[in-house]
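A.B. asks: need a 3D model of the following:
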Amino acid sequence: IHQVATLEHQSCLLLTSRERPRDYARLERDSYPVHSLQLSGLDEKTGYLLLKVQRGIEAQGDAESQLIKRYSGNPLALKLVADTVDGIFGGDIGEFLADDTLIFDDIRTVLDQHFARLTDLEQQILFWLAVEREPIPPQSLRENLLHLPRQRDFLEALRGLQRHSLVERQGNDYTLQNVVTEYVTERLVEFVIAEIVSGQLNRFHQQALLKAQAKEYVRESQMRLLLTPIGDRLLSQLGRTQLKVQLQILLDELRQHPPYNTSYAGGNLLNLLLHLKMDVTGYDFSTLHIRQAYLKGAKLPSVNFTAADFPHTAFTEDFGHIFSLAISPRGAAQSLLAAGGNTGEIRLWRLVDTQPVAVLRGHQRMVPSLAFSPDGEYLASVSMDRTLRVWSTATGQEVAVFGGSETGFLAIAFSPDGELLASGDRGNMVRLWHWRSGQAVATLKAHGDWVHALAFHPTQPLLASGSHDGAICLWRLGHTTEPTGELAQLDNPATDQPIAVTLLHRLHLHTQMIWSLAFHPDGTQLASGSGDQTIRLWDVASGELLQTLHGHTGHVRALLFTPDGKWLISGGADHLLRVWNLADGRIIDTLRGHTNVIWSIALSGDGTLLASGGVDDTIRLWHFDPARGSQALRTLHGFVAPIHAIACDPRLDAAAPIVTGDGQGNIRFWSMAVMESDSHVLLTGHKETVVALLFTPDGSRLASASTDGTLCIWDSTSGEMLDMVATGGQPLACLTMGPRGVQLVGATQGGAIYCWEIGVAGKVQLLHTFQQEVHGLHGVAFHPQGEFIATTAADGKIRLWQTDGKCVLQLVAGAQGYWSVAFDAGGAMLAAASRAGMVAVWDMREQTRGQLLATWQAHTDHIHQIAFSPDGKQLAAGSYDKAIRFWDVESQRSTISFTVQGGSIYSLAFGPGGQSILYSPADQNIYNGEIESGNILNTYKGHTKNVNSIAISPDGKWLASGSADEDVGLWEISSGELIQRFEGHTDDVNCVAFSPDGEWLASGSSDQTVRLWKLPKGKPERFFFDPSIADKEDAREVRQMGPGIVTLPCDAPLPPGASCICDCINASRSHPGTTSVCVCNTITVPAGTPLSSDMVCVCDTISIGSTPAPAKTYYYTKPETYYRTYYYTKPKTYYYTSSYWYPN
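C.D. replies: Numbering: from 1, shown residues only. As a prediction, the model looks like this:
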């Protein structure tokens, strides 16, 4: 080849090869008559000719097009695959494509030959290109390598891969053909599996299996094509138990060999464990580099990351619900994404890489609206805390703050010139502000309800406002000597030329509240999103309705036009983003990913990046491309701190009766009057987890304890911190209060016990400090008269302390270790239960204090709960051994025991009057058992998983339950009837509690939320089916349940005066599984009228009193069996839950 290139001759040599000869580039560069042409893949037309002419495969729709694209038009690959399609799949390309396999033996043989000749550096580069899944610049590719090679060596390896035709160059970036990508991915999966099984790691150190900072669709591909097959095959080979052991061994070896600490193995192990959903509690990743770990939303209880480093790791962000988003305009100094949430904080990220820039703190409550100034130098925000603030985006400093709303702001917008701000509030007002002076220059009064949406016209002095009254107002703004608007008022003009405002149009075709408004970029149209699930387009000049867009199935909370004006984007309560073609009003794309209401959306100035946020605690970034389909780029995951403590104010008239403490040290007083997610007062002072909250008996003071070692006393009316005392850095583990609300006792994790006294002004005085001999305090209880404090510790001893710090008794019963302790109501006895199933009771009366009254081996397993009866005569214990046993206090004997069906006892409580015991075993049900006989009085069925907690209402009528099925149940104790099911938690419900007045129910869940539920007044109005006959085919057997409304069989004669009052819920005249059932011949008769024998009720018909519901009411037949759709009636709203209706 060298001679042909350098000697004189009259020949032409044409050389084709899959790789370029090593010295060919130099010959071409040295001006010899040598030229090269890099062949790309065949186009569709040529590829089809190859398939048809050389292999005889005929056209099959777009199947051959997909085949050519899948193999990147590579002629050799197409020839080889054509043989397979013809010989194995009978020429059916579609059947071959359905197999979803690119690599087979012939192609694998060719690629094996190539791969075997590569250097280790070249192989690493191929593996990284396979992991990246997209074209990547060479410098970024080099930085991925664990040991950074010399630039010369790296470039030589890259050129070598080009010579082998294994990499492709696209502009300045490098990537792999589809076939090569799949081949290299398979090789990497095989290497990793073999290394994990053998324990000899190599590629596992060198390669990240997941890029935490990658675009979302790329990361999902990495999980699907790398982590999933690796995990599945390891589980198949080793089994789950052995695999967990093997991964633990590898983790231990990583820590013990310092050279491995900085490799990718630590991050790979953590990603693999999380992907396999293995319990990582207590795992030790200390001193390791956790590279490229994706930890957003990950739960890592007690994982040791001491001295660990986290390069390129993605974490959960520290924010909650997102109610507002804004992106700085095109041309700003830097592209920023701003988000406002329920905590009052505003967060800024760089848009290019989603790195946090600043947290703006000043607001105290929800931030429902944000707006950047046109030049991007300022950010305006409004809050439910009744303030409007303006921030410098360069410094993050607050440059202006002013009020003006007595009820809280809801909306904010900058005028196109950046000089005016418009605000909407819950006082039904729109205000215009000269924000630099902080003066309101006009107040616009035209709405009859909250103003939630505002938009300035892009070129004209027009402002649109939308309200919860369903109306849209279009205002003209002008500088004149006097206002011309009939409805405009001037408030303290800030300039010599006051702003005059004229109401041009009042648009009122929506049937529910207006959530969002947006002007078209050319200013000719106005779009409105409403609670009636529609989007309407209006002509700005005339105010006429141009078009109504239907598609959302919930409130339309947010919308915007793209900069080119071709598309409209909307988001709403149905969790979906929709993209509309304005030319014909069609939905051209639907973006899915959010799991709750979308509150806000924003679009970058060039229209390529879309941001969306909502109450699922995520901000999602999308590459917006309506022509080819938008893709998810990144998701910023928020974090809601776990709730560790709840308390109810004992005052029935308290404005904020529920108090919660979370894992970040925050205390929140929640108002029930407004019932909104932001309706709370935030108290800050603790730096770590709040472990206990206690009200004084009169409700005037609240005490809180934290793991930061502090005790705080708060005025429960004003929220003012009255005092804070510290334990010298020892984390507080629990807190209890004396019966008069004056003394407090706190115990630290180290075993120290503090006794404080609360003074008149809320000041705390330390009375005594006393230390247990051992660490690890498990339980503490105050004597009902406040005389003593009982504690249990890790040594199993029970200690009785005077409030002056003197230990007066140490109680021991055998070699048992007692963990839980309780006084009876009168304080005459102290009971304790052990993990070994032993129960002991001591006399607490003065003359015989400390005398062991009785011990008995109550159970053969851990006792989960003990309880005294209301009259103090009996003690009950429930255990993991599936038994409940009772001890008669008076006779000091074990009396009754019975074994329950269903498994371990998780919770128990004495029923009203103390004659029965309510308990929940591990069988999804709750039972009310008669203590004397052990007979089951009622079985409370409805949960689908184990019941974790039960509580009885203060009046003894209701039973509440929290379950692993994520639901809360409310039951009537006397009848066993499920009155109401509360749905909303997204993880196990661990605890439930009634408020002192019995009007509210609080539930705490593993989803890190506390939910508060308003309880019905008495039984809700409902009509349900008898469970014993609900599944029978003959609907005639279903009993009639409601006054005033009956349903007749098909074609039955109607009684005189009867009339049809409902529209059919199904076009057919019968339901699946039933025969001759009429769903449309519903008639009305006066309440109390005897029914003839041929009349039956086959539907959950709703009546209000004795008056039938108005026309256009929808009814059901057997909803539990056949229907899951929600229907609504007026004047009351009814929701379908399980197999009954109830009003809300």
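
A.B. asks: quick one, strands of the stretch 151-300 of the chain?
C.D. replies: Counting by DSSP state E, counting those that start in this stretch, the stretch 151-300 of the chain has these strands, from start to end: 168-170, 173-175.

A.B. asks: tell me which strands the helix or strand hosting residue 927 pairs with, and in which orientation.
C.D. replies: Using DSSP states H and E, the element containing residue 927 is strand 926-930. Applying DSSP bridges, strand 926-930 is found paired with strand 916-920 (antiparallel), strand 936-940 (antiparallel).

A.B. asks: with mean neighbour count added, can I get the ones you listed in a markdown table?
C.D. replies: The way it works is simple: take the backbone N, C-alpha and C, and place the C-beta from them, glycine included. Listed next are the strands paired with strand 926-930 as a markdown table, based on neighbours: other CB atoms under 10 Å:
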| stretch | mean neighbour count |
| --- | --- |
| strand 916-920 | 25 |
| strand 936-940 | 17 |
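
A.B. asks: can you add distance to residue 69 and mean pLDDT and give those back as CSV?
C.D. replies: Converted to CSV, those look like this (distance: least, CB to CB, whole Å; pLDDT from 0 to 100):
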stretch, distance to residue 69, mean pLDDT
strand 916-920, 58, 87
strand 936-940, 59, 88
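
A.B. asks: wait, which of those is closest to residue 233?
C.D. replies: Proximity to residue 233, assessed across the strands paired with strand 926-930 by CB to CB, is greatest for strand 916-920 (40.8 Å).

A.B. asks: now render the strands paired with strand 926-930 as JSON lines, adding distance to residue 740.
C.D. replies: Shown next, in JSON lines, are those (distance: least, CB to CB, whole Å):
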{"stretch": "strand 916-920", "distance to residue 740": "31"}
{"stretch": "strand 936-940", "distance to residue 740": "38"}
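
A.B. asks: for these, which one sits closest to residue 868?
C.D. replies: Proximity to residue 868, assessed across the strands paired with strand 926-930 by CB to CB, is greatest for strand 916-920 (12.1 Å).

A.B. asks: roughly how far is the closest one from the heart of the chain?
C.D. replies: The chain centroid and the centroid of strand 916-920 are separated by 34 Å under CA atoms, centre = their mean, to the nearest Å.

A.B. asks: the strand holding residue 927: which residues count as buried?
C.D. replies: For strand 926-930, a neighbour-count test (16 or more other CB atoms under 10 Å) marks 926-929 as buried.

A.B. asks: count the neighbours of residue 790 for me.
C.D. replies: For residue 790, the neighbour count with other CB atoms under 10 Å is 23.

A.B. asks: thought it was touching residue 829?
C.D. replies: No: counting by CB atoms under 8 Å, residue 790 does not reach residue 829; the two are 11.2 Å apart.

A.B. asks: how about low-confidence regions in the stretch 1001-1144 of the chain?
C.D. replies: Applying pLDDT under 70 to the stretch 1001-1144 of the chain picks out residues 1004, 1006-1010, 1012, 1017-1144.

A.B. asks: returning to that earlier point: list residues touching both of residue 790 and residue 829?
C.D. replies: residue 823 (CB atoms under 8 Å, 6 or more residues apart in numbering).

A.B. asks: quick one, helices of the stretch 551-700 of the chain?
C.D. replies: For the stretch 551-700 of the chain, applying DSSP state H, counting those that start in this stretch gives no helices.

A.B. asks: low-confidence stretches in it?
C.D. replies: 639-644, 646, 652-657, 671-681.

A.B. asks: strands of that one, start to end?
C.D. replies: 556-561, 567-572, 577-581, 586-591, 598-603, 609-614, 618-623, 631-637, 643-648, 658-662, 667-670, 680-683, 690-695.

A.B. asks: for residue 897, find the nearest of the ones you listed.
C.D. replies: strand 643-648 (33.4 Å).

A.B. asks: out of the strands of the stretch 151-300 of the chain, deepest packed?
C.D. replies: Burial of those is given as mean neighbour count (mean count of other CB atoms under 10 Å); strand 173-175 ranks first at a mean of 18.

A.B. asks: what sits up against that strand?
C.D. replies: Strand 173-175 is contacted from outside by 129, 132, 134-138, 141, 158, 167-168, using CB under 8 Å, 6+ apart.

A.B. asks: where's that strand relative to the chain centroid, distance-wise?
C.D. replies: With CA atoms, centre = their mean, you get 37 Å for strand 173-175.

A.B. asks: go on, stretch 424-434?
C.D. replies: Taking mean C-alpha positions (CA atoms, centre = their mean), stretch 424-434 and its chain are 33 Å apart.

A.B. asks: between its first and last residues, how far does that stretch reach?
C.D. replies: Stretch 424-434 has an end-to-end distance of 15 Å (CA to CA, to the nearest Å).

A.B. asks: would you list the phi and psi of residue 2?
C.D. replies: Dihedral pair for residue 2: phi -60, psi -40, per degrees, to the nearest 10.

A.B. asks: that one and residue 23 touch, don't they?
C.D. replies: Yes: the pair residue 2 and residue 23 qualifies as a contact (CB under 8 Å) at a distance of 7.1 Å.

A.B. asks: show me this structure divided up by domain.
C.D. replies: 1-37, 44-101, 211-315, 900-1016, 1020-1144 (automatic domain parsing).

A.B. asks: for residue 334, which non-adjacent residue is closest in space?
C.D. replies: residue 350 (6.7 Å; CB to CB, 6 or more residues apart in numbering).

A.B. asks: does the one you found have beta-bridge partners, and which?
C.D. replies: Under DSSP bridges, the residues paired with residue 350 across the bridge are residue 336.
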